[in-house]
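Student: I need the structure of the sequence given here:
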Amino acid sequence: MGTGAPVADPSPPPRIAVVIPCFQVKKHILGVIRAIGAEVERIYVVDDACPEHTADLVQAEVVDARVRIIRHEVNKGVGGAVISGYRAALEEGLDVVVKVDGDGQMDPRLIEPLTYLIRVGEADYVKGNRFHRISTLQGMPRMRLIGNAVLSFLTKLSSGYWQVFDPTNGFTAIHRAALEAIDLDRISTRYFFESDMLIHLGHARAVVVDMPMRAHYGEEHSSLKISKVASEFLMRHLRAIAQRTLYQYLLRDFTIASANLLVGIGFLLFGTTYGAVKWRQSIVTGIASPTGSVILATLPIILGVQMLLFFLSYDISAVPRVPLQRWHRRGS
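Tutor: Residues are numbered from 1 along each chain as shown. Have a look, this model is predicted:
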């Protein structure tokens, strides 16, 4: 007979780790570490060949037993530092890994809400979004605002996560199931790291969610120069868009959206090519193209655009909804 007592959850609470990539953040690192709450079991301080020798300062001043220092002999970039922390967390069996910058611009008190949807099994990857409320954009540099808007649209196309924004936001949390589902060796280790993570998570069909947060800019300035990386980002995104489309809609599966994509591109190419040829002929001969020729060029273009819009609508609705961690818990 039942006793009426509540049934305890047989699964233990997820173990949380924090990765702090360190490069020229000596002024802020101690305050960041001290602000990390008790919900975090392990703190990985990754000294990315920092010229300020941040690791030495942490080793000398911090007595927190949760802290583990990882040193890089050569600079690997922010992505390389975070990946080192990811690997260490996987080796120690941690369940959720949060990335917090060492410059003090991310509030460690937000770690608990950032990891909530992962801890309850509803997401695999959660990232901050500084664009969720218009009031939070006050103080954000205009060029950074425009750049993030453009990058967000490109990332939607290349990753398939149409519901996310602010792809360069580095305040993130990820479940170990998602880490195990992607190839960390293939992730970009420099400025493209955050966007590349979304692209690879999209290939793995992980569930990604945005968490609203305030934009905060202190004394630290980003070393990211838009003029220097714009062409690189564009080429990487275009390549990722082609790879995702080929893999998701032609190799992994073939749906009505795949047919609309192929036929729509065919119609669009035929209509524009035929129309351009007839237009040139009319310019050379001085004789206007007959109505039939105009219709023959226009109709395929209209049909092609409609088919591509259907494909785009299908792609927007096809974002992953079943977290990878659910299969992970079942031992798949």
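Student: for the rest of this, base every contact and every neighbour count on C-alpha atoms.
Tutor: OK.
Student: pretty sure residue 47 contacts residue 57?
Tutor: No. With contact defined as C-alpha atoms under 8 Å, residue 47 does not reach residue 57; the gap is 10.6 Å.
Student: who's more crowded, these two?
Tutor: Shown here are residue 47 and residue 57; by other C-alpha atoms under 10 Å, residue 47 has more neighbours (27 against 13).
Student: what residues sit buried inside the helix or strand where that one lies?
Tutor: According to DSSP states H and E, residue 47 maps onto strand 40-48. Buried residues in strand 40-48, defined by neighbour count with 16 or more other C-alpha atoms under 10 Å: 40, 42-48.
Student: likewise for stretch 69-79?
Tutor: Counting neighbours by 16+ other C-alpha under 10 Å, one finds that the buried residues in stretch 69-79 are 69-71, 76-79.
Student: quick one on the thing from earlier: in the buried residues of strand 40-48, find the pair that's most separated.
Tutor: By the measure C-alpha to C-alpha, 40 and 48 form the most distant pair in these, at 22.1 Å.
Student: which residues does residue 293 contact?
Tutor: Contact analysis of residue 293 by C-alpha atoms under 8 Å, 6 or more residues apart in numbering lists 275, 278.
Student: how close does it get to residue 145?
Tutor: Separation of residue 293 from residue 145 (C-alpha to C-alpha, to the nearest Å): 46 Å.
Student: what is the burial count for residue 306?
Tutor: 15.
Student: so for the biggest helix by length in the chain, mean pLDDT?
Tutor: When the chain is parsed with DSSP state H, its longest helix is helix 256-285. Mean pLDDT, computed over helix 256-285, is 93.
Student: tell me which helix or strand comes right after that helix.
Tutor: Of the helices and strands lying after helix 256-285 in sequence (DSSP H and E), the nearest is helix 291-317.
Student: pull out the buried positions in that following helix.
Tutor: Buried positions in helix 291-317, judged by neighbour count with 16+ other C-alpha under 10 Å: 294, 297-298, 300-301, 303-305, 307-312, 315.
Student: in the helix or strand that it is followed by, what counts as buried?
Tutor: Using DSSP H and E, the helix or strand that follows helix 291-317 towards the C-terminus is helix 324-329. By 16+ other C-alpha under 10 Å, the buried positions in helix 324-329 come out as 324-325.
Student: what's the answer for stretch 91-106, then?
Tutor: Neighbour-count burial for stretch 91-106, counted by 16+ other C-alpha under 10 Å, picks out 94-106.
Student: list of residues touching that stretch?
Tutor: Residues outside stretch 91-106 that contact it (C-alpha under 8 Å, 6+ apart) are 14-23, 25, 27-29, 31-32, 82, 86, 89, 108, 111, 115, 118-119, 170-176, 216-218, 220.
Student: mind checking the end-to-end distance for it?
Tutor: By C-alpha to C-alpha, the extent of stretch 91-106 from end to end equals 26 Å.
Student: quick one: distance of it to the chain centre.
Tutor: Chain-centre distance of stretch 91-106: 16 Å, with C-alpha atoms, centre = their mean, to the nearest Å.
Student: kindly report the same for stretch 172-191.
Tutor: Computed by C-alpha atoms, centre = their mean, the separation of stretch 172-191 from the middle of its chain amounts to 10 Å.
Student: what's the average pLDDT for it?
Tutor: In the prediction, stretch 172-191 has an average pLDDT of 95.
Student: so where's this protein uncertain?
Tutor: For the chain, residues meeting the criterion pLDDT under 70 lie at 1-10, 135-141, 215-228, 329-332.
Student: tell me where it has strands.
Tutor: Counting by DSSP state E, the chain has strands at residues 16-22, 40-48, 67-72, 96-99, 125-129, 172-175, 208-212.
Student: so which of those gets nearest residue 152?
Tutor: Residue 152 sits nearest to strand 125-129 of all those, at 10.8 Å, using C-alpha to C-alpha.
Student: pairing partners for the closest one, with directions?
Tutor: Take DSSP bridges as the rule and strand 125-129 pairs in its sheet with strand 172-175 (antiparallel), strand 208-212 (parallel).
Student: center of the chain - which residue?
Tutor: By C-alpha atoms, centre = their mean, the chain has its centre lying nearest to residue 198, at 2.8 Å.
Student: check contacts around that one.
Tutor: Taking C-alpha under 8 Å, 6+ apart as the criterion, residue 198 is in contact with 155, 159, 161, 167.
Student: please flag which of those residues sit within helices.
Tutor: The members of the contacts of residue 198 that map onto helices under DSSP H are 155, 159.
Student: so which of the contacts of residue 198 is the closest to residue 36?
Tutor: Nearest to residue 36 among the contacts of residue 198 is residue 167, at 24.0 Å by C-alpha to C-alpha.
Student: counting neighbours, what do you get for the closest one?
Tutor: Burial of residue 167 is recorded as 25 neighbouring residues (other C-alpha under 10 Å).
Student: now it: phi and psi?
Tutor: Note on residue 167: backbone dihedrals following degrees, to the nearest 10 are phi -70, psi -20.
Student: look up the closest residue to residue 70, ignoring the ones flanking it.
Tutor: Ranked by C-alpha to C-alpha, 6 or more residues apart in numbering and with sequence neighbours excluded, the top spatial neighbour of residue 70 is residue 46, at 4.7 Å.
Student: okay, and the beta partners of the one you found?
Tutor: In this entry, residue 46 is beta-bridged to residue 21, residue 70, by DSSP bridges.
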